[in-house]
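Q: below: sequence and its predicted model.
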Amino acid sequence: MYHVAYFLDQLINGVTLGAIYGLIAIGYTMVYGIIGMINFAHGDVFMLSAFIAVIIFLMITSLFGGLAIALALVLVLIIAMVLTALWSWAIERVAYRPLRGSFRLAPLISAIGMSIFLVNFVQLVQGPRNKSIPPIIDGSFVIPVDGGNITLAYKQILIIVTTAVLLAAFWFVVQKTALGRAQRACEQDRKMAALLGIDVDRTISLTFVMGAALAAVAGTLFMVQYGVVNFADGFVPGIKAFTAAVLGGIGSLPGAVIGGLLIGLIEVFWSAYFSIDYKDVAAFSILAITLIFMPSGILGKPDVEKV
């Protein structure tokens with residue numbers, strides 16, 4: 001049946017979009033988990049990384065025209081991750097670290113201010129127009145299903161596989177390495193972690209850097225998928241990714257990706273079967289309903305009050 005092929009096409013589109021949301025959401029969930037702060041500038045760090053990826057890609061293709069696309073993409077990814085991580089490290093040092101002992105709303109206000117600064121900075125430097133690139137990865141698998149065809153693009157496979165690999169890698173880092181142990185110690189009790197000899201400031205800075213590196217991967221994949229970026233592209237994906245982190249259970253890495261996939265699937269299926277105008281309403285309504293029955297999210301742990 002044609003309907004089966006259409007449904008599976010939308011399923012693939014939803015998983016692809018959700019994978020990008022999931023990568024951004026991991027940055028939110030890591031920072032919130034360790035210092036209890038919602039980094040509202042994270043969506044704009046993602047937008048900045050997409051611009052960096054586009055600029056680096058255009059520079060590489062103009063300087064080394066005959067370079068293989070795969071090699072060019074790897075170079076773009078590495079450079080975007082390094083530059084975005086440096087930006088995030090600088091933001092943490094300037095906007096968040098001085099406010100660490102302050103009242104709880106101060107870092108949140110600073111994050112909103114930093115978000116506005118990044119949007120205006122990119123608009124000023126790059127101009128208000130869209131920046132676009134020609135399609136990078138063409139081609140797809142066409143799979144016949146019950147009288148219809150499913151189209152699975154190579155770039156969609158790249159996005160889904162990259163997200164799965166990075167989730168596994170970051171889960172390993174958090175669970176099995178010394179840095180991960182330091183992060184989990186800071187999450188439970190920063191004062192005690194400092195007394196035990198853990199460099200809390202360094203651990204928090206590295207958490208911001210790791211979140212930004214993932215946002216850079218998401219920005220590069222966004223560039224590959226859509227081929228166009230705009231200075232306003234940070235706010236909505238940022239809010240959706242934050243929603244994904246809350247839906248999956250803030251503080252849980254697999255939860256962030258599961259939340260991202262759910263938001264992506266809800267958006268795409270709602271657009272396909274109902275109305276594209278209300279896809280955001282649908283996504284946020286599902287979040288509200290989930291939190292009524294599961295206040296900690298899907299994989300989140302309930303808060304334990306220290307006494």
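A: That came through fine. Numbering: from 1, shown residues only.
Q: and stretch 85-93, average pLDDT?
A: For stretch 85-93, the mean per-residue pLDDT is 93.
Q: and if you look at stretch 158-170?
A: So the average pLDDT for stretch 158-170 ends up being 91.
Q: kindly export that stretch (C-alpha atoms) in CSV.
A: Output of stretch 158-170 as CSV, limited to C-alpha atoms (Å, rounded to 0.1, in the frame of the first residue of the first chain):
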residue,chain,number,x,y,z
LEU,A,158,25.0,9.7,8.1
ILE,A,159,23.0,11.7,10.7
ILE,A,160,21.4,8.7,12.4
VAL,A,161,24.7,6.7,12.6
THR,A,162,26.7,9.7,13.8
THR,A,163,24.1,10.3,16.6
ALA,A,164,24.2,6.7,17.7
VAL,A,165,28.0,6.5,17.7
LEU,A,166,28.4,9.8,19.6
LEU,A,167,25.7,8.9,22.2
ALA,A,168,27.6,5.6,22.9
ALA,A,169,31.0,7.5,23.1
PHE,A,170,29.7,10.1,25.5
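Q: contacts for it, please.
A: Stretch 158-170 is touched from outside by 15-16, 19-20, 22-23, 26, 137, 210, 214, 217, 221, 224-225, 253-254, 257, with contacts defined as Cβ atoms under 8 Å, 6 or more residues apart in numbering. The way it works is simple: take the backbone N, C-alpha and C, and place the C-beta from them, glycine included.
Q: next, the buried residues of it.
A: Neighbour-count burial for stretch 158-170 flags 158-160, 162-163, 166-167, 170 (criterion: 16 or more other Cβ atoms under 10 Å).
Q: now, these that are in helices?
A: Here DSSP state H is the test, and those give 158-160, 162-163, 166-167, 170 as lying in helices.
Q: three-state assignment of the closest residue to F208 other than its chain neighbours?
A: The shortest distance from F208 to any non-neighbouring residue, by Cβ to Cβ, 6 or more residues apart in numbering, is to E92 (4.3 Å). The assignment at E92 comes out as helix when based on DSSP: H, G, I helix; E, B strand; the rest coil.
Q: neighbours of E92, just the number please.
A: 24 (other Cβ atoms under 10 Å).
Q: same check on A283?
A: By other Cβ under 10 Å, 22 other residues sit near A283.
Q: show me the contacts for it.
A: Neighbouring residues of A283 by Cβ under 8 Å, 6+ apart: 240, 243, 263, 266-267, 270.
Q: most neighbours of all these, which one?
A: I263 (30 neighbours).
Q: would you confirm that it contacts K240?
A: Yes: contact status for I263 versus K240: in contact at 5.5 Å, counting by Cβ atoms under 8 Å.
Q: which of the helices or strands spans G101?
A: Following DSSP states H and E, there is no helix or strand that holds G101.
Q: got the buried residues for stretch 167-186?
A: Of all the residues in stretch 167-186, those buried under the rule 16+ other Cβ under 10 Å are 167, 170-171, 174, 180, 182-183, 185-186.
Q: now it, how far from the chain's geometric center?
A: The chain centroid and the centroid of stretch 167-186 are separated by 18 Å, computed with Cα atoms, centre = their mean, to the nearest Å.
Q: same thing with stretch 53-72?
A: Going by Cα atoms, centre = their mean, where stretch 53-72 is centred and where its chain is centred differ by 24 Å.
Q: before we move on, what about stretch 20-38?
A: The chain centre lies 8 Å from the centre of stretch 20-38; the measure is Cα atoms, centre = their mean.
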